[in-house]
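Trainee: following is a predicted model, sequence given first.
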Amino acid sequence: MKSSLSILCIAVLCIILSLGLWPFHAPRNDVTWLKDRDGLRFGNYATVMSTGAFPADQSSQPRSCSVEMCLQAARAGNEGTVLTLYVPKQPVVLSLRQSLGDLELRSGKDRRHRFYVNNVFRPGRPAFVTVTSGAQGTAVYVNGALLRTVRAFQFAPVACAGRLIVGDSPLQQDPWSGQLWGLAIYASELPAQAVLQHYRAWAHGGKPQADAHQYMAGLYLFDERAGAIVHNHARPGLDLSIPSTYYVQDKIFLEPFWDEFAVSWSYVKGILKNIVGFVPLGFCFCAYFELIWKTRRAVLVTVVLGGAVSLTIEVLQGFLPTRDSGTTDLITNTFGTWIGVVLYHAASARLPLHLLTPEN
């Protein structure tokens with residue numbers, strides 16, 4: 001029994017470490033050029049980022065800013081960050097995210113600075129999305145038609161500034177899957193008439209009108225068809241770079257649990273998986289420490305071991321772009337270890353005494 005229990009404990013530990021750290025390396029950046037038209041396809045782990053940052057002015061007032069995208073999600077039931085304008089050591093300046101079939105807009109970490117637009121991403125249907133913001137609020141158009149206006153939602157003072165990240169979040173992996181055919185950024189608010197004109201131009205020719213907007217800061221047509229650079233047609237510089245290896249721009253290390261919290265089914269599923277995943281560790285190692293080591297503090301030693309294993313995984317995940325490093329898992333994994341201890345004691349109370357001796 002002694003050797004069998006030892007082997008079982010080692011096997012459980014190896015499985016937990018493998019599940020927590022797989023894959024053990026950064027994967028290839030899954031961004032490919034479309035073969036039949038201009039554009040990029042974003043796969044499972046894919047990201048594109050600007051070679052520099054869009055400059056910010058010194059105004060303390062909310063800046064006008066507009067973003068246009070011609071895209072199609074791989075599936076309507078997916079989630080992922082489509083685009084972010086990111087300034088290091090500041091809350092998210094502007095983030096556009098697919099949340100199932102809806103478009104989620106964020107301007108900062110606070111949940112008060114976000115809202116949703118329903119039914120933007122539909123199966124097999126491309127969308128021309130325009131988000132334009134100014135002093136009076138933010139408006140979202142799809143295919144030239146106004147879907148929602150939020151007066152209280154304004155971008156940060158550096159809204160049209162920062163590094164452009166496409167297809168992923170700059171802080172934790174949140175890849176988006178789909179096709180992107182065009183992207184434009186304006187340092188101004190677009191009126192409804194201009195939005196409709198731009199949509200018609202994109203729809204008929206795949207390019208903006210000849211008289212490009214004077215405040216256009218970035219225009220990416222994805223017409224290179226090859227290579228690792230997407231050129232900015234609006235002005236020199238600030239091209240987009242396609243890395244050969246997938247990585248997260250400014251990955252968070254041990255993100256606080258209050259920042260990780262989200263009211264979503266995916267968040268709940270993650271918690272449940274982390275609890276259940278460490279139950280076998282608590283069960284097996286508590287048996288080992290009580291029956292083999294015969295320690296009086298088997299419960300404490302087992303729970304501390306579970307927390308230490310979880311901390312090791314979270315620290316190592318900080319160096320893996322496909323995994324999130326956070327403190328929520330420390331809590332849930334340790335709790336799962338404790339549940340495993342409770343289940344072991346409940347089971348051992350119902351087993352004959354001779355089955356719980358190492359000799360057997």
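Mentor: Yes, it's here.
Trainee: contacts for stretch 127-142, please.
Mentor: Residues from elsewhere that reach stretch 127-142 (CB atoms under 8 Å, 6 or more residues apart in numbering): 61-62, 64-72, 96, 103, 105, 117, 120-121, 143-144, 146-155, 159, 186, 189-190, 192, 195, 198-199, 202-203. From N, CA and C alone the C-beta is placed, and that goes for glycine too.
Trainee: cool, and stretch 281-300?
Mentor: 1-2, 5-6, 8-9, 12-13, 16, 301-303, 305-306, 309, 336-345, 347-348, 356-358.
Trainee: filter the contacts of stretch 127-142 down to the buried ones, ChimeraX style.
Mentor: The buried subset of those, as determined by 16 or more other CB atoms under 10 Å, is captured in ChimeraX by this line:
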select :62,64,65,66,67,68,69,70,71,72,96,103,105,117,120,121,143,144,147,148,153,154,155,159,186,189,190,195,198,199,202
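Trainee: now intersect the contacts of stretch 127-142 with the strands, please.
Mentor: Counting by DSSP state E, the part of the contacts of stretch 127-142 found in strands is 65-72, 96, 103, 105, 117, 146-150, 186.
Trainee: where's the closest residue to residue 275 other than its chain neighbours, which helix or strand?
Mentor: Excluding the flanking residues, the one nearest residue 275 by CB to CB, 6 or more residues apart in numbering is residue 336, at 4.0 Å. Following DSSP states H and E, one finds residue 336 within helix 328-348.
Trainee: buried ones in that helix?
Mentor: Neighbour-count burial for helix 328-348 [16+ other CB under 10 Å]: 328-341, 344.
Trainee: send me that helix as PDB with only the CA atoms.
Mentor: This file holds the C-alpha atoms of helix 328-348, laid out as PDB (Å, rounded to 0.1, in the frame of the first residue of the first chain):
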ATOM      1  CA  THR A 328      -8.200  33.800  -7.800                       C
ATOM      2  CA  ASP A 329      -6.700  30.400  -8.600                       C
ATOM      3  CA  LEU A 330      -4.600  30.400  -5.400                       C
ATOM      4  CA  ILE A 331      -7.900  30.700  -3.400                       C
ATOM      5  CA  THR A 332      -9.900  28.200  -5.400                       C
ATOM      6  CA  ASN A 333      -7.100  25.600  -5.700                       C
ATOM      7  CA  THR A 334      -6.400  25.800  -1.900                       C
ATOM      8  CA  PHE A 335     -10.100  25.400  -1.300                       C
ATOM      9  CA  GLY A 336     -10.300  22.400  -3.600                       C
ATOM     10  CA  THR A 337      -7.400  20.800  -1.600                       C
ATOM     11  CA  TRP A 338      -9.300  21.300   1.600                       C
ATOM     12  CA  ILE A 339     -12.400  19.700   0.100                       C
ATOM     13  CA  GLY A 340     -10.200  16.700  -0.900                       C
ATOM     14  CA  VAL A 341      -9.100  16.400   2.700                       C
ATOM     15  CA  VAL A 342     -12.700  16.500   4.000                       C
ATOM     16  CA  LEU A 343     -13.700  13.800   1.400                       C
ATOM     17  CA  TYR A 344     -10.800  11.600   2.500                       C
ATOM     18  CA  HIS A 345     -11.800  11.800   6.200                       C
ATOM     19  CA  ALA A 346     -15.400  11.100   5.200                       C
ATOM     20  CA  ALA A 347     -14.300   8.000   3.200                       C
ATOM     21  CA  SER A 348     -11.800   6.700   5.800                       C
END
